[in-house]
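Undergrad: Just the structure for this:
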Amino acid sequence: MLLLSYPLSRDVPVFPGTPPLKVIEHQTIEVDGSRSSMVEFNTHTGSHLDLPAHFHEGGEGASLLPRLIELSPARCLDMPAEGDAPLYLDDLPNDLDGVEALLLRTGAHCLRDSDPQQYREKHPWLHPDAAERLRRLPRLKAIGFDFLSAASPSSPEEGAAVHKTLLSPERPIMIMEDLDLSDGRLPEREWTLYIVPMFTADVESTPVTVLAVLL
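TA: All right, here's what the predicted structure looks like:
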C-alpha cells in the first residue's frame, strides 16, 4: 500500500493567489484548561480533488462523493517534464481504455520541498488538447499528477479550458492535484486507488487522502 497524498501543514504550497493555511490558537491550557486550535484553509490546499462545481454553474460539488471512492484499475505513467511546460499527451499508450484513474508522474514532486516557489509558479500543466485526449478514454473517472495544478499561473485561459473540459457535468473526470507520486514502483504495476474525501457536501473541491493498493 502506498500513500499518495501529502499531509496538511502551515507550509503546504498553494497556487498563486490562494491564501496560505493558517493555524489559529483558540483555547490555551493556562486560560481554559485545555488547548485547541482553529485551522483556516482554502479547499484547494494540499492533495485535493476538483469537482464540476469548481468551473460549472450548477455542477455538482462534493455532495456527489461517497465517503470512500474506489477506482480500479489505476495506471501511472512516467512523463518527465520541467518548468512551465504544457503536456499534450499525444503519446499515451493504446491500452488505457479500461482504466478508471490515470496518474501522470513528471518529476515535479522533487521540487515541492527543495524549491517550493518554482513548484508553485513554474510547474508542468495540461494543455486543452490533453484534456480532450483524456475525455476519449471511455472509463476514465479521475486524472492525477505530481504538480500543483492542471493550470499554469502563466496561462489562465488554457487552465480554465482544461478544467471545464475535464469537469464537464455530463461525465466529469475528477482532477487530483498535488499528489505524491515519488515512489518508483507506481509506473510498473496496476493499482486500485482508494480516495477518502475530507468533505462530502457544500464545496467544489476537497482535500483527500489517497491510497494505492496493488491490484
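Undergrad: Would you map the helices across this protein?
TA: Ranges of helices in the chain, per DSSP state H, are 29-32, 111-114, 116-121, 128-135, 156-166.
Undergrad: how about the second one: buried residues?
TA: In this case it means helix 111-114. Buried residues in helix 111-114, counted by 16 or more other CB atoms under 10 Å: 111, 112. Placement of C-beta: from N, CA and C, glycine included.
Undergrad: give the contact list for the most centrally placed residue in the chain.
TA: Centre of the chain computed as the mean C-alpha position; nearest residue by CA atoms, centre = their mean is residue 177, 1.8 Å away. Contacts for residue 177 (CB atoms under 8 Å, 6 or more residues apart in numbering) come out as 44, 47, 48, 50, 144, 145, 147, 148, 149, 150.
Undergrad: related to what we said a few turns ago, mind putting the helices of the chain into JSON lines with mean pLDDT and distance to residue 18?
TA: Formatted as JSON lines, the helices of the chain follow (pLDDT from 0 to 100; distance: least, CB to CB, whole Å):
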{"stretch": "helix 29-32", "mean pLDDT": "94", "distance to residue 18": "32"}
{"stretch": "helix 111-114", "mean pLDDT": "94", "distance to residue 18": "15"}
{"stretch": "helix 116-121", "mean pLDDT": "95", "distance to residue 18": "9"}
{"stretch": "helix 128-135", "mean pLDDT": "97", "distance to residue 18": "22"}
{"stretch": "helix 156-166", "mean pLDDT": "97", "distance to residue 18": "13"}
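Undergrad: got a markdown table for these, with distance to residue 199 too?
TA: Formatted as a markdown table, these follow (distance: least, CB to CB, whole Å):
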| stretch | distance to residue 199 |
| --- | --- |
| helix 29-32 | 28 |
| helix 111-114 | 23 |
| helix 116-121 | 23 |
| helix 128-135 | 25 |
| helix 156-166 | 19 |
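Undergrad: Nearest to residue 61 among the ones you listed would be which one?
TA: Closest to residue 61 of the helices of the chain is helix 156-166 (CB to CB; 13.7 Å).
Undergrad: From the contact counts, what lies against the closest one?
TA: Counting contacts by 3 or more CB pairs under 8 Å, 6 or more residues apart in numbering; DSSP states H and E, helix 156-166 is packed against strand 125-126, helix 128-135, strand 174-177.
Undergrad: The same query, at a cut-off of 7 Å, please.
TA: helix 128-135 (3 or more CB pairs under 7 Å, 6 or more residues apart in numbering; DSSP states H and E).
Undergrad: Report the angle between the helix it packs on and helix 156-166.
TA: Relative orientation of helix 128-135 versus helix 156-166 (axes from the mean of the first three to the mean of the last three CA atoms, to 10 degrees): 10 degrees.
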